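Participant: Mind looking at a prediction? Sequence and model below.
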There are 2 protein chains.
Amino acid sequence: MRSSLECVPCLVRQTIESVRHTISDEARREGLLRKFLRDIAEMDFDMPPPAVAQRVHRALRRECGVEDPYREAKDRFTAMALDLLPSLEARIESSADPFDAAVRLAIAGNIIDLGVDGDLSEEEALRAMEEALDIPVAGDVKAFSEAVRPARSILYLADNAGEIVFDRPLLRMLPGGRVAFAVRGAPVINDAVMRDAQAAGIDGLVPVIDNGSDAPGTILEDCGGEFLEAFRGADLIISKGQGNYETLCDEDAPIFFLFKVKCPAVERHSGLPLGTHALLRGRGFS
Amino acid sequence: MRSSLECVPCLVRQTIESVRHTISDEARREGLLRKFLRDIAEMDFDMPPPAVAQRVHRALRRECGVEDPYREAKDRFTAMALDLLPSLEARIESSADPFDAAVRLAIAGNIIDLGVDGDLSEEEALRAMEEALDIPVAGDVKAFSEAVRPARSILYLADNAGEIVFDRPLLRMLPGGRVAFAVRGAPVINDAVMRDAQAAGIDGLVPVIDNGSDAPGTILEDCGGEFLEAFRGADLIISKGQGNYETLCDEDAPIFFLFKVKCPAVERHSGLPLGTHALLRGRGFS
C-alpha cells in the first residue's frame, strides 16, 4: 500500500512521541525532530508507511543508544494482558462459537498499538479488551475457519507486545504441529520481538521465529531467509495489525488479515470504516 | 507563547489539510507538502505557532493563486451561524444572566476553527452551538463584566468567520460608542477578514478595523499602524480564540482572553484542561 499525504502528520506525531519517549534532553529532541522532518520531506510515497517509520526508529535507537526503547511499556502491556487472559479464555470456552470468539479477541488485541496511539494507557486497553468478545468482526469468519482446517502449514504474523497474549486462544485452535509464529527481528516501537513472545508464553504453544527485520510491518525484501522460507511455504498466513496489512496487502499470497482499522489511509484502502474489527482475505488467497 | 514539539504534527496536519483544500493536483500537493516540511524543519520554536502557520499559508496562497482559499467554507459557516443566531439571542435575553450567557455564546463559537479541525462540519458546529449556553465558563465573568463597565475604549479581537456572528450578543452589551472590532488584514485559514465581518452584520453594530496582518493570531510587529494605535490606546482588549492567545499571552496589555482550549500546548500553557471554555485575564490587566 502506497503512503498518502495523510500518513505524513501521523508519521510526524509518531516520530515526536518516540523522540519524547526515548530522549530526555529538550535541545536534542528538537535537533532530532528537525532531522526527521527533513527525512520525511524526502520520503518516497510509493513505499508503505512502515518503511518510513522503520528508518526513523532505527535512527532513533542509534541516537539514544538504547536497543529497545519501548521495553518497559511492552512489559507493562504484556503483564496487563496476562492478568486478563484467564477470564477471557473462560468466556471463550463457554461461548456458543469459541472459534469466532477467539478471532474477536485476537483482532481486539490490536488496539495495543503505541505507533497509532503513543498515549494509550493500560486502563484504556483493559476497558477495550473487556468488551472485545462483544464486538463482531467485519469479514467471513466461516471462510477463515474453513481455510484453517485443511491448512498444512500456517504462518502467524505477530504484531505488538501485549496484543500477542490475546492471540493465544486462536493459536490453540489452529491445527497442532502446523503453525509457526513470526515476530520482528529487532525492536521497533512496541512491536513484539522474540523476548515478548516468550514473556507472552507463545513459545510454549507453537514454534516462534523472527522475521529478521526491524520494520513495523512485513517488508519481504528486508526479511531473513528462515522467515521467507516459512512465508513462501505457508498455505495459510494469518497477518495481524495495520503495519502487516500496509506492507502485505498487495502480495499475491494466501493471507487473512486480522486488524483494527485505525487510520483514514487504511480506511480508504480497505474500504472499511475507521474502528472496524476487520478480517480481510488477501488477494493471493485461493 | 513558545511553540512546542507537539505543535509540529498539528502544523503539519493543518498544512496538509490546507494543501488538499487549495490544490487539486496530487503531484503538486506532494511537492508543496515536501517544501513545507522542510520549512517546518527549520522553524524557530521561540515563535508562537501562528507565526509558522502564517508563512505556510502565505506560500500556499501564492502557490495556488487564490487569495482566499477558505472563502466558500467561511460563507457556509457564516450562513449557518446567522440562521442560528435569532433563537440563541432569544434564549440569552430570557436567561437569568444575559451577560454571562452572551460570554458563553462568544466562547462556544470558537469551535468554528478550521485550523484545529479542518474536517469540522456545519452539523457538528450546529450541535455544539445549540449546547453553547449550557456550558459554564472557567474564569471570572463578574470581574470581566466589571472591567467592561468603566472601559472607555474597548478593542475586540475577532477570530474566525462564522464564530464572529456569535460575538454579536456580547458586542451589543458592551458600552455603546466605545468598541472597535478588529479582523485580520488578509485571509488566512478561516480567520475573519473585513468581508466576513460585513457578512456577519458586525459593521452595523460597531466600527470594524483590520489588523494589517495575515497571521492566524495577533503578531504585533506584523500589524498595521491603525490597529496598533487602537491596541495601545485601549483600556480593555477582548481577545477571541487560541491564535490570539498564543500570540498575545505574554503581552503586558489589559487583555481578557475568551477561547476554547483545543490543543495540549495551550492546555499546558494556560493550565486549563482540554475542552475548557476559558475566560482568562491577561498579565497586563490592572
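Facilitator: Cool, got the structure. Numbers count the residues shown, from 1 in each chain, chains lettered A, B, ... in the order given.

Participant: Return the residues of chain A in contact with chain B.
Facilitator: By the rule CB under 8 Å from any CB of the partner chain, the part of chain A lying against chain B is A:5-6, A:8-10, A:12-13, A:16, A:19-20, A:29-30, A:33-35, A:37-38, A:40-42, A:45. In this view, the C-beta of every residue, glycine as well, is placed from N, C-alpha and C.

Participant: please redo it, this time with the cut-off set to 7 Å
Facilitator: Residues of chain A found near chain B (CB under 7 Å from any CB of the partner chain) are A:5-6, A:8-9, A:12-13, A:16, A:20, A:29-30, A:33-34, A:37-38, A:40-41, A:45.

Participant: Surely A:Arg38 is within a strand?
Facilitator: No - with DSSP: H, G, I helix; E, B strand; the rest coil as the criterion, A:Arg38 is assigned helix and is not in a strand.

Participant: tally of neighbours for the residue nearest to it when sequence neighbours are not counted?
Facilitator: Residue nearest to A:Arg38 in three dimensions, not counting chain neighbours: B:Ala41, with 4.8 Å by CB to CB, 6 or more residues apart in numbering or on different chains. Using other CB atoms under 10 Å in any protein chain shown, the number of residues around B:Ala41 comes to 17.

Participant: List the contacts of B:Ala41.
Facilitator: A:34, A:37-38, A:41 (CB atoms under 7 Å, 6 or more residues apart in numbering or on different chains).

Participant: most surrounded residue in those residues?
Facilitator: Result: A:Leu37 is most packed of these (other CB under 10 Å), 24 neighbours.

Participant: What segments of chain A are helices?
Facilitator: A:7-22, A:26-41, A:49-64, A:71-93, A:98-108, A:122-130, A:141-148, A:168-173, A:194-199, A:225-233, A:242-248, A:264-270 (DSSP state H).

Participant: any idea which of these is most buried?
Facilitator: helix A:242-248 (a mean of 27; mean count of other CB atoms under 10 Å in any protein chain shown).

Participant: Can you tell me which helices and strands that one packs against?
Facilitator: Using 3 or more CB pairs under 7 Å, 6 or more residues apart in numbering or on different chains; DSSP states H and E as the contact test, the elements touching helix A:242-248 are helix A:49-64, strand A:255-260, helix A:264-270.

Participant: Turn the helices of chain A into TSV, including distance to A:Val183 and mean pLDDT.
Facilitator: Putting the helices of chain A into TSV (distance: least, CB to CB, whole Å; pLDDT from 0 to 100) gives the following:
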stretch	distance to A:Val183	mean pLDDT
helix A:7-22	20	85
helix A:26-41	26	90
helix A:49-64	15	89
helix A:71-93	12	96
helix A:98-108	15	97
helix A:122-130	20	88
helix A:141-148	21	96
helix A:168-173	13	98
helix A:194-199	5	98
helix A:225-233	10	98
helix A:242-248	12	97
helix A:264-270	22	91
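
Participant: per-domain residue ranges of chain A.
Facilitator: Structural domains annotated on chain A: A:7-64, A:76-281, as defined by automatic domain parsing.

Participant: Just the terminal-to-terminal distance for the longest one.
Facilitator: Same thing as domain A:76-281. 32 Å (CA to CA, to the nearest Å).

Participant: same question, stretch A:198-206
Facilitator: Start-to-end, stretch A:198-206 (CA to CA) is 11 Å.

Participant: what number of residues lie near A:Gly284?
Facilitator: Counted with other CB under 10 Å, A:Gly284 comes out at 13.

Participant: which residue packs closest to it, ignoring adjacent ones?
Facilitator: A:Asp252 (3.8 Å).

Participant: Taking the stretch 101-250 of chain A, what residue is nearest to chain B?
Facilitator: Chain B sits closest to A:Asp119 of the stretch 101-250 of chain A, with a gap of 9.8 Å, by CB to the nearest CB.

Participant: What score does that residue have for pLDDT?
Facilitator: pLDDT recorded at A:Asp119 is 80.

Participant: Quick check: nearest residue in space to it, chain neighbours excluded?
Facilitator: Nearest to A:Asp119 is A:Glu17, by CB to CB, 6+ apart, at 7.7 Å.

Participant: wouldn't the one you found be in contact with A:Leu120 here?
Facilitator: No - at 10.6 Å, A:Glu17 does not count as touching A:Leu120 under the criterion of CB atoms under 7 Å.

Participant: and A:Val141, how far is that from A:Leu236?
Facilitator: 14 Å (CB to CB, to the nearest Å).

Participant: how about the residue nearest the centre of chain A, what does it touch?
Facilitator: What sits nearest the mean C-alpha location of chain A, by CA atoms, centre = their mean, is A:Asp159, with 2.3 Å. Contacts were defined as CB under 7 Å, 6+ apart; by that measure A:Asp159 touches A:110, A:191-192, A:240-241, A:243-244.

Participant: Pass me the low-pLDDT residue ranges in the stretch 151-286 of chain A, would you?
Facilitator: Along the stretch 151-286 of chain A, the parts satisfying pLDDT under 70 run over A:285-286.

Participant: Pick out the residue of it closest to chain B.
Facilitator: Among the residues of the stretch 151-286 of chain A, A:Pro264 lies closest to chain B, at 9.7 Å counting by CB to the nearest CB.

Participant: And for that residue, nearest residue in space, chain neighbours not counted?
Facilitator: A:Glu6 (5.5 Å).

Participant: Give me the distance between the one you found and B:Ala106.
Facilitator: Taking CB to CB, one finds A:Glu6 at 33 Å from B:Ala106.

Participant: Roughly how far does A:Thr276 sit from A:Leu114?
Facilitator: The value you get for A:Thr276 to A:Leu114, if CB to CB is used, is 21 Å.

Participant: ok, now A:Arg283?
Facilitator: 29 Å.

Participant: Looking at the two, which one has more neighbours?
Facilitator: In terms of neighbours (other CB under 10 Å), A:Leu114 is the more surrounded of A:Arg283 and A:Leu114; the figures are 22 against 13.

Participant: Return the backbone torsion pair for the residue nearest to that one when sequence neighbours are not counted.
Facilitator: In space, and not counting its chain neighbours, A:Leu114 is closest to A:Asn190: 4.2 Å by CB to CB, 6+ apart. Per-residue torsions, A:Asn190: phi -100, psi 20 (degrees, to the nearest 10).

Participant: now do A:Phe45
Facilitator: Dihedral angles (degrees, to the nearest 10) for A:Phe45: phi -70, psi -10.

Participant: That one contacts B:Glu30, doesn't it?
Facilitator: Yes - contact criterion CB under 7 Å: A:Phe45 and B:Glu30 qualify, at 6.3 Å.

Participant: what sits against A:Ala230?
Facilitator: A:Ala230 makes contact with A:155, A:180, A:182, A:209, according to CB under 7 Å, 6+ apart.

Participant: Sorry, slip of the keys, the one I care about is A:Leu236.
Facilitator: A:147-148, A:151, A:154, A:254.

Participant: Please repeat the previous calculation with a cut-off of 6 Å.
Facilitator: A:147, A:151, A:154, A:254 (CB atoms under 6 Å, 6 or more residues apart in numbering or on different chains).

Participant: Would you mind naming the residues that bridge with it?
Facilitator: Using DSSP bridges, the bridge partners assigned to A:Leu236 are A:Ile154.

Participant: Neighbours of A:Thr218, how many?
Facilitator: Counted by other CB under 10 Å, the residues lying close to A:Thr218 total 27.

Participant: cool, A:Val206 as well?
Facilitator: Residues lying near A:Val206 (other CB under 10 Å) number 21.

Participant: If we ignore the residues flanking it in sequence, what's nearest it?
Facilitator: The shortest distance from A:Val206 to any non-neighbouring residue, by CB to CB, 6+ apart, is to A:Val179 (4.6 Å).

Participant: Could you do A:Leu274 as well?
Facilitator: A:Glu267 (5.0 Å).

Participant: quick one: the one you found from A:Leu120, how far?
Facilitator: When A:Glu267 is compared with A:Leu120 (using CB to CB), they lie 19 Å apart.

Participant: wait, isn't A:Asn190 in contact with A:Ala161?
Facilitator: Yes - between A:Asn190 and A:Ala161 there is a contact at 5.4 Å, judged by CB atoms under 6 Å.

Participant: When the two are compared, which one has more neighbours?
Facilitator: A:Ala161 (31 against 27).

Participant: Right, I'll leave it there.
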